[in-house]
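*Asks:* need the 3D shape of this:
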Amino acid sequence: MNSNKNIFSEENDDLKVEYEIINIEHSQDEEIKKYVQDKIQNIDSAIDINNSKLQEYNKQLKKFTNQADAIDYTVAISSGILAGIIDSFFVGSFSLGEGKAWSNHKVNDFVMKIAKNKGYSKNRLKGAIDFLEDKFKIPSDNIWSGKNVNIWTGSHHLDDLAHHTTPIGLIASIVSQFTEKAYFQNRFGENLCLDITDKGLIGNSFSEKIFAGTVNWFYHLVSDMSGSNKTAGVGMGIPGPLLSLAKEFSMLPGINKTSLPKILNNIFTNKKNRFDLRAELGVLHQLGKQAIPVILNEILVRVFYFFSRFIKEYKEKENFKDIEWENVLPYKNRTLTRMLTISSGTFLAFDLLDAGIRSAGNWGTFALRVNFVNVGRFTVSCYNEYKMEREKEKIEKDILELYNQQLSLNNIKLSYNIVGMWLSTKEAIENIDEISNNIQKS
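*Replies:* Numbering: from 1, shown residues only. Predicted structure coming up:
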């Protein structure tokens, strides 16, 4: 068979084509028939595989294609307007002062609760701070004093890694137990390792070191949350997770040479607008208030989407068993994403209009009236739109490539069918010749 089959190929920069020429005249018919049938069977299998892929791609394409109708758009816009009204009349402007007042109250209550759980029996915050500070000391506290390292009382909670409310702060506390050194960075970006002088705060055994580095660390931070015993409730606290992470980032080589350490120091030590843990909690509290209309808007759109698609699916399938839940669930769907983009965009437009009217041209008041949570939600929706459009374009490209493959496979199949047709014609002619000879003989 191989002697009757020639393989040829043509190639350029973008495409390589291989084809074969079969010599029918000098081959055994049955051998060629089997060869052709095997080739056609292989091509049919490839076509079936591609058809399955096309079905899956078309299913994905539907998911990444916006199919929202007029009712969907109307509901999305209405939901956004409702969220804007709630934000305007019930949430109001962003108030860091109100947030700090709330967080101060919560932090003070937390410190009192922890102190009483550990044996403190009175009701004075100053006494609770004293009690926790005396009972849970950490070796890095105040070892900077008198060493002329540009660290002072107002900044040492930020400068000392062991006073950070992050996993790195905990790691620094534990490492200090084994290395007997404390780790600081002053406002000039100088990273410092200071020797621990009070060896009594270092554990003797492995378990004691771990205990001192974790338990003492936690309760000591609690004692510092509400300020010192001299300024209980209002003085210097500890840096929150955001400021702590920023400070840890500023300790990286190269970054410590920038102005970032000094900027963070000013943020933390500013007496009028000190940004410590209580300030971070106050911001979160205010953002939590702003999140209420955003969450409500999200729920309204997703609930409408679910029930509208559920009813549509049930009408089409006429039973619950055959419902395609992928088309119903309000999750990762281009139509839903479009509705959320429109609703959050409408909310944002209403919010900006309301802020402009109420601020009367004062940009500071205008900024505080804007719902920052919804700005973030709208940004996420726009990004999801972009990402889904890119995914849709990729799927469409894959579908086009599959269609081209199907066309090529069908053309090849046609060629093999022509070979089969020639074999059948040859066989028919031979049969006619045989019948003719038999007739002549008869």
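*Asks:* the stretch 51-200 of the chain: strands as residue ranges?
*Replies:* 181-185, 191-195 (DSSP state E, counting those that start in this stretch).
*Asks:* deepest of those strands, which one?
*Replies:* strand 181-185 (a mean of 22; mean count of other C-beta atoms under 10 Å). All C-beta atoms are positioned from the backbone trio N, CA, C, and that covers glycine.
*Asks:* quick one: residues in contact with that strand.
*Replies:* Strand 181-185 is contacted from outside by 139-140, 143-144, 149, 151, 156, 159-162, 172, 175-176, 191-196, 247, 250-251, 256, 261, using C-beta atoms under 8 Å, 6 or more residues apart in numbering.
*Asks:* now do the buried residues in stretch 147-156.
*Replies:* Within stretch 147-156, the residues that count as buried by 16 or more other C-beta atoms under 10 Å are 149, 151, 154-156.
*Asks:* what of stretch 203-220?
*Replies:* 203, 209, 212-213, 216-217, 219-220.
*Asks:* look up how far residue 35 lies from residue 42.
*Replies:* For residue 42, the distance to residue 35 equals 11 Å [C-beta to C-beta, to the nearest Å].
*Asks:* shaky segments in the stretch 301-442 of the chain?
*Replies:* Counting by pLDDT under 70, the ranges of the stretch 301-442 of the chain that qualify are 420, 423-424, 426-428, 430-431, 433-434, 442.
*Asks:* can you show me the helices along it?
*Replies:* Secondary structure of the stretch 301-442 of the chain (DSSP state H, counting those that start in this stretch): helices located at 334-359, 363-369, 372-441.
*Asks:* turn the strands of the stretch 51-200 of the chain into JSON lines, columns for distance to residue 94.
*Replies:* Compiled in JSON lines, the strands of the stretch 51-200 of the chain are given as follows (distance: least, C-beta to C-beta, whole Å):
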{"stretch": "strand 181-185", "distance to residue 94": "31"}
{"stretch": "strand 191-195", "distance to residue 94": "36"}
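*Asks:* nearest to residue 89, of those strands?
*Replies:* Smallest distance to residue 89 across those (C-beta to C-beta): 46.3 Å, for strand 181-185.
*Asks:* could you dump the closest one to CSV, C-alpha only?
*Replies:* Extracted as CSV, the C-alpha positions of strand 181-185 are listed here (Å, rounded to 0.1, in the frame of the first residue of the first chain):
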residue,chain,number,x,y,z
LYS,A,181,17.0,41.7,69.6
ALA,A,182,14.1,44.1,68.8
TYR,A,183,13.4,45.4,65.3
PHE,A,184,12.7,49.1,64.6
GLN,A,185,12.6,51.6,61.8
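*Asks:* ok, the residue nearest to residue 120 when sequence neighbours are not counted - contacts?
*Replies:* Here the nearest residue to residue 120 in space, its sequence neighbours aside, is residue 131; by C-beta to C-beta, 6 or more residues apart in numbering that works out to 4.4 Å. For residue 131, the contact set (C-beta under 8 Å, 6+ apart) comprises 115, 118-120.
*Asks:* also residue 155?
*Replies:* Going by C-beta under 8 Å, 6+ apart, residue 155 touches 186-187, 265, 268-269.
*Asks:* closest to residue 320 among the residues you listed?
*Replies:* residue 268 (59.0 Å).
*Asks:* which residues sit in contact with the closest residue in space to residue 217 that isn't next to it in sequence?
*Replies:* Spatially, and ignoring its direct neighbours in sequence, residue 217 is nearest to residue 173 (4.0 Å; C-beta to C-beta, 6+ apart). Residue 173 makes contact with 138, 140, 162, 213-214, 216-217 under the criterion C-beta under 8 Å, 6+ apart.
*Asks:* and residue 173, what's its pLDDT?
*Replies:* Residue 173 carries a pLDDT value of 95.
*Asks:* now it: how far from residue 238?
*Replies:* Counting by C-beta to C-beta, the gap from residue 173 to residue 238 is 13 Å.
*Asks:* before we move on, the earlier item: now render the strands of the stretch 51-200 of the chain as JSON lines, adding mean pLDDT.
*Replies:* Shown next, in JSON lines, are the strands of the stretch 51-200 of the chain (pLDDT from 0 to 100):
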{"stretch": "strand 181-185", "mean pLDDT": "95"}
{"stretch": "strand 191-195", "mean pLDDT": "93"}
